[in-house]
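Novice: structure here, sequence nowhere to be found:
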């Protein structure tokens, strides 16, 4: 972290500023130039509120972090790609995976039928919500424990690892047999939940919040890694903008940027981003081309009767067709997809 | 809820559509016109995923909710202003309150000094964070239980009711003596937390999320009211936009709009919205003029050394000056502020 | 256009409303239902200000356009893809084109060297700014007429058609020999300019504005088509969001959506969207996969010394490498690129 | 402008970098520190593309402007408030003005009736559009020259100075008798138009673009001032965000921020910001309290039949009531309003 001082600050004021900083446990160094003096700090500057120092010290022109505020997730510190191992299936470093399944687990027949079909089409993990965050308190919120139980039945039937969303940390004991714990977009900055899933020994799928920057997404992943869990998959799923033709705006720049900054695998959820079935295939193709490590695609046996998010779900035939196309593209990119 | 059908749909298709809707427990009525047929639904349409019906039924041109999806918070259902009673102090319906205090409780001396000073200046409630949501896992996160304990000491010393933020529902037992439970912007759609504070018998201060619409804010309040707690104060604190000169963009249209749609009191937090001390006073004045029922203002005894958010905190003299000004303006608006 | 009336409106009020509408030249039809009465309008409803009717007639619950407000650009009216013919080179309906060149024309040597190199790499059109819109009045604004002249020299040398931006309609006489007139993002709603380029007989490349919806982009294209010029290429180049890691957020959903709604070809400019050289190649690949009809890529012989936008320009070697990759991908999509 | 170099850059590389910068006409100075070397530039750095230097010189860690890129509009250079003189009426430095009138001039009777009424209510200038920017090419676009002529008739009748929008620079000769030339939001970065109105000797009302930062607004004002015209009034009129309950989000932080950074007067247009009549009065009150120098309010004799923007127009009675309220508030702020 450095602070550039205003021109002409008297030496005494500079020393008082240095003493104030050093009293908080940092070392400081001065660069004295013709125009500006620059104060450099050494130490764990992540605890410093930079704006506050600038606003509260009138001799400071501006401040800036020279290093990124995240460490464990930072590629400069851990240059190799992280491969996340989900019950024998790996994501990252050339291994591409497709997670498919309904928004919500609705019944045993439904989830097993979907699981068999998406497996036959080539999906390598099964998704299905048991605890559903809903804007309205009157909407369907999932089958809760029953939903988890049915999901595990589908896992047993098909061998597909399962991914499902957690809504608060008191639910963690229910997730012992779940393969990947999803932290949803609305919980991306639920810091207590991040810490607890960081202490739990399961891969985590962390979705970007609707209004969160990529740096904030990495900081939330940092919570999980710094609590001891390095098995994190990042997921771009669209951000909120002024455009109303799509539910959200899918930000595919996130893929190359996150992969430059971090070693974690990055997947894309085109279904929630677009909110429109007809956009899922073109956005899935674009995500593969932009370098994603995987896709998460809502798939339902009967979208017209889905209890939530039917507008964006592919039916089983549409998913099968998409997978045929996507498999060629994954091969074109020189990546592999597991056969489960 | 109504669905407008495409022109020229055969009668048989219309009947099948009606049967599908009715099989889910709704009554339907037809408006048959020269150009379009309109299907009207009666029943608890809040459970219907409107987009899904439109996408999945090709005979439907579009659908629309005719009634708002919120009920308990809706002014049409409850026309009188709600007055929230905070330990004898009321907010709403002409009673204006000012909540002041530091971002974080840092020490006994600090919180008691700030409490005494802001009370003398005219604040009617004390704020102070004990559990702090922070973007970085390495930042100061508050004194936790010790922070709550110190806040209650300051309450005992000054008589000011206290407001502090909860981060997850397992903390609720610690909030028994707290006067107002704050649900922060990042938790506005933490639906399990909303339900739990809805079951707890304390006033709730609900902050608008950084990327949440006013309708979503009202739906989150609906979670709390529908769980049994009608003591909710809404708080506008800025939304995330492309503008970088301020931390967030304060949306003062929220005040008149929320008051049109709902009977709940609305306050404004100019400190977090702007992120800059020099904007707090003009935005506080504007909030009073736009019809707010209260203000929440960060105030610190020594902003230059604040452990968080010092850049936006007023010092005790600045707060005193602001209160002198604000008190006249509250009177000008024909509202009252308590003397604690 | 339809208006749904509030429940229980007396017949006399409905008739007055119908008379008011009909006095403005429309026919109306009533759908009288159990709950709501719906008034349908027939005529050129594009001239009606829908919000105004709703706000000013208290018997109206809400209104809605049933048809899209654009006609000439609408795919339902013109189902086949439009192919834009640029001096013998076609864009659209399976023909993919790559426009490359510097942000600004800087000198004869520069533009000719770049033109030769990008042609050898496979680009099929040359871009280069002569009139540059710049946020600061003190920045380099292009070589103006000299820039156009040098661009035409490069065209003569290489045979590449040229694309360059117009800033106001008084410049049109200078664009007689230019092959494609670019209307930049900041001018997307400069309606007088749109009308004038609509009267000029040249293909137009219309860039989406930084804060414009896709519907607004189509309405701006409608200005050009309705003035008589149907040779319009739409260009997605990123929108303004809260994310600061990239200059803009590239919205690739625009490609499939625009192609569903309209028959016009759609290209993508990943250079301006990202503002970062390292993102150009992954975003270009994603655009091809999402179904774009072309790319526009900033390429400079010496980006380090570029007079503008050097941070996002590829150098000639990077562009050549990208083209090798992109050519395979265009073939994979079953499209062709011209050989100039 | 400064550039902070990466640690450990060899001396030879630093010198090459300095030579490159100096070859472009700047002086450089080095601050050599323990950790980082900082290169300071002196000269007219507004012409340098900072991002480009950083991206293209791998020894550079980052760069930053130390001074703001605007000069003529900058309060540090011109500390006193600018007062804009509109035909004898002044805006700024304690003089508050209210501009009222219809979206469009529709007929002689209409504009004269509105002018007389708003003058009687206390408005000090008359607005009315003759050239209307419309999203759709099929919408009413104003009466053009006839509209200007009628506006001047209303001026003659009432003595109110008139404000009207220009859409392109070829219209300037028609604006000789107009008192204030409005540059609309969609033209805020129409740089050629800004330059031409900068050469024309009339006060300019410059509206903030829907997606433009405050710095960009000041840079656009800089175009006008640097072309020789210092009579510029800035206008906040709402920005585009994800919120759909209002047409735009009014950003009242703009008032204190613009007044800190610049000496130009700042007014607010609550009508276009909200797009809803019921929000105009509360937002107008908030603007006065936040320190605005004036208001611009759409007022129509018959909003229900307005040819554009009727939903947001006050009728003449509503405007009169608002003025009664606003006049007290202007006095409360210690400002004056003219009597015309």
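Specialist: Arrived safely. Model, not experiment: these values are computed from the prediction.
Novice: surely residue A:53 forms part of a strand?
Specialist: No. Under DSSP: H, G, I helix; E, B strand; the rest coil, residue A:53 falls outside any strand and is assigned helix.
Novice: which residue is the nearest non-sequential neighbour of it?
Specialist: Excluding its sequence neighbours, the residue lying closest to residue A:53 (C-beta to C-beta, 6 or more residues apart in numbering or on different chains) is residue A:63, at 5.8 Å. Heads up, the C-betas are built off the backbone N, CA and C, glycines and all.
Novice: identify the bridge partners of that neighbour.
Specialist: Beta-bridge pairing for residue A:63 (DSSP bridges): residue A:3.
Novice: residues contacting it?
Specialist: Residue A:63 is in contact with A:1-4, A:50-51, A:53-54, counting by C-beta atoms under 8 Å, 6 or more residues apart in numbering or on different chains.
Novice: one more pass at 7 Å, please.
Specialist: A:1-3, A:50, A:53-54 (C-beta atoms under 7 Å, 6 or more residues apart in numbering or on different chains).
Novice: isn't residue A:28 right next to residue A:19, touching?
Specialist: No. Residue A:28 is not in contact with residue A:19 according to C-beta atoms under 7 Å; the separation is 9.0 Å.
Novice: what number of residues lie near the closest residue to residue A:77 other than its chain neighbours?
Specialist: Leaving aside its sequence neighbours, residue A:77 sits nearest to residue A:71 (C-beta to C-beta, 6+ apart; 5.9 Å). Counted by other C-beta atoms under 10 Å in any protein chain shown, the residues lying close to residue A:71 total 17.
Novice: hmm, residue A:71 is touching residue A:78, no?
Specialist: No. Under the criterion of C-beta under 7 Å, residue A:71 makes no contact with residue A:78, lying 9.2 Å away.
Novice: show me where the stretch 51-200 of chain A has helices.
Specialist: With DSSP state H, counting those that start in this stretch as the criterion, the stretch 51-200 of chain A has helices at A:108-121, A:145-158, A:191-199.
Novice: longest helix in chain A, by residue count?
Specialist: helix A:316-332 (DSSP state H).
Novice: so it, near chain C or not?
Specialist: Yes. Helix A:316-332 reaches chain C (C-beta under 7 Å from any C-beta of the partner chain) through residue A:332.
Novice: hmm, back to that, out of the helices of the stretch 51-200 of chain A, deepest packed?
Specialist: helix A:191-199 (a mean of 22; mean count of other C-beta atoms under 10 Å in any protein chain shown).
Novice: what helices and strands are in contact with that helix?
Specialist: Packing partners of helix A:191-199 (3 or more C-beta pairs under 7 Å, 6 or more residues apart in numbering or on different chains; DSSP states H and E): strand A:180-183, helix A:214-226.
Novice: ok, which of these comes nearest residue B:59?
Specialist: Minimum separation from residue B:59 across the helices and strands packed on helix A:191-199 (C-beta to C-beta) falls at strand A:180-183, 35.4 Å.
Novice: pull the distance from the closest one to the chain's centre.
Specialist: The chain centroid and the centroid of strand A:180-183 are separated by 10 Å under C-alpha atoms, centre = their mean, to the nearest Å.
Novice: buried ones in the one helix or strand residue A:12 maps to?
Specialist: Using DSSP states H and E, residue A:12 sits in helix A:11-22. The neighbour-count check on helix A:11-22 (16 or more other C-beta atoms under 10 Å in any protein chain shown) flags A:14, A:17-18, A:21 as buried.
Novice: which residues of the stretch 151-300 of chain A lie near chain D?
Specialist: A:240-242, A:244.
Novice: who's the nearest residue to residue A:2 once chain neighbours are set aside bridged to?
Specialist: Once flanking residues are discounted, residue A:2 sits nearest to residue A:40: 5.0 Å by C-beta to C-beta, 6+ apart. Counting by DSSP bridges, residue A:40 forms beta bridges with residue A:2, residue A:29.
Novice: distance of residue A:40 from residue A:22?
Specialist: Going from residue A:40 to residue A:22 by C-beta to C-beta, to the nearest Å gives 12 Å.
Novice: swap in residue A:54?
Specialist: On the measure of C-beta to C-beta, residue A:54 and residue A:22 end up 18 Å apart.
Novice: pLDDT at residue A:66, what is it?
Specialist: What the model reports for residue A:66 is a pLDDT of 65.
Novice: typed the wrong thing, it's residue A:34
Specialist: We have a pLDDT of 57 for residue A:34.
Novice: hmm, residue A:202 is touching residue A:181, no?
Specialist: Yes. Counting by C-beta under 7 Å, residue A:202 does reach residue A:181; the two are 5.2 Å apart.
Novice: where does chain A have low pLDDT?
Specialist: A:32-36, A:66-67 (pLDDT under 70).
Novice: how does it look with 90?
Specialist: Within chain A, the segments meeting pLDDT under 90 span A:1-71, A:76-79, A:93, A:135-140, A:201, A:302-312, A:338-340.
Novice: how about residue A:5: what's its closest non-neighbour residue?
Specialist: residue A:37 (4.6 Å).
Novice: equivalent analysis for residue A:68, please.
Specialist: Nearest to residue A:68 is residue A:74, by C-beta to C-beta, 6+ apart, at 5.9 Å.
Novice: so what's the residue count around the one you found?
Specialist: Neighbours of residue A:74 using other C-beta under 10 Å come to 18.
Novice: and it, what is it in contact with?
Specialist: So residue A:74 contacts A:68, A:261-262 (C-beta under 7 Å, 6+ apart).
Novice: quick one: which of those residues sit in strands?
Specialist: Under the assignment DSSP state E, those contribute nothing to strands.
Novice: neighbour count for those - can I get that in a markdown table?
Specialist: Below are the contacts of residue A:74 laid out as a markdown table (neighbours: other C-beta atoms under 10 Å in any protein chain shown):
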| residue | neighbour count |
| --- | --- |
| A:68 | 18 |
| A:261 | 19 |
| A:262 | 28 |
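Novice: any idea how far the residue nearest to residue A:2 is from chain C?
Specialist: Relative to chain C, residue A:40 is positioned 24 Å away (C-beta to the nearest C-beta, to the nearest Å).
Novice: that residue contacts residue A:5, doesn't it?
Specialist: No. Counting by C-beta under 7 Å, residue A:40 stays clear of residue A:5, with 11.7 Å between them.
Novice: before we move on, the earlier item: just give me the closest of the contacts of residue A:74 to residue B:175.
Specialist: Once C-beta to C-beta is applied, the member of the contacts of residue A:74 that ends up nearest residue B:175 is residue A:68, at 35.8 Å.
Novice: and that closest one, how far is that from residue C:307?
Specialist: 31 Å.
Novice: number of nearby residues for residue A:47?
Specialist: Around residue A:47 there are 16 residues (other C-beta under 10 Å).
Novice: I misspoke; the intended subject was residue A:30.
Specialist: 16.
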